[in-house]
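Colleague: Predicted model and sequence follow; I will ask about them next.
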Amino acid sequence: MSPTALVNLAGPISNESGPGLFLRLVVIASIVGVVLLGWILVRAGRDN
């Protein structure tokens, strides 16, 4: 994707003052990633 397309996609997110919605999306994505990583590690440990 081109940088202008990314800026256009992020436009509605950055209308708020401060980090707001963008920070919430980053935090939720990281929590989902940590849960997924933990689930994968538990499944890998169970196979041994």
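Modeller: Done, it's in.
Colleague: Now do stretch 5-13, average pLDDT.
Modeller: If you average the pLDDT over stretch 5-13, you get 64.
Colleague: Show me which helix runs longest in the protein.
Modeller: Secondary structure of the chain per DSSP state H: the longest helix is helix 20-46.
Colleague: List the buried residues of that one.
Modeller: The neighbour-count check on helix 20-46 (16 or more other C-beta atoms under 10 Å) flags nothing as buried. Glycine gets a C-beta too; all of them are placed from N, C-alpha and C.
Colleague: Show me the shaky parts of this structure.
Modeller: Along the chain, segments meeting pLDDT under 70 span 1, 3, 6-19, 47-48.
Colleague: Now with 80, please.
Modeller: 1-21, 47-48 (pLDDT under 80).
Colleague: Can you tell me how far residue 23 is from residue 30?
Modeller: Residue 23 sits 11 Å away from residue 30, going by C-beta to C-beta, to the nearest Å.
Colleague: I meant to write residue 2 there.
Modeller: 26 Å.
Colleague: With residue 22 instead?
Modeller: 13 Å.
Colleague: same check, this time on residue 45
Modeller: 22 Å.
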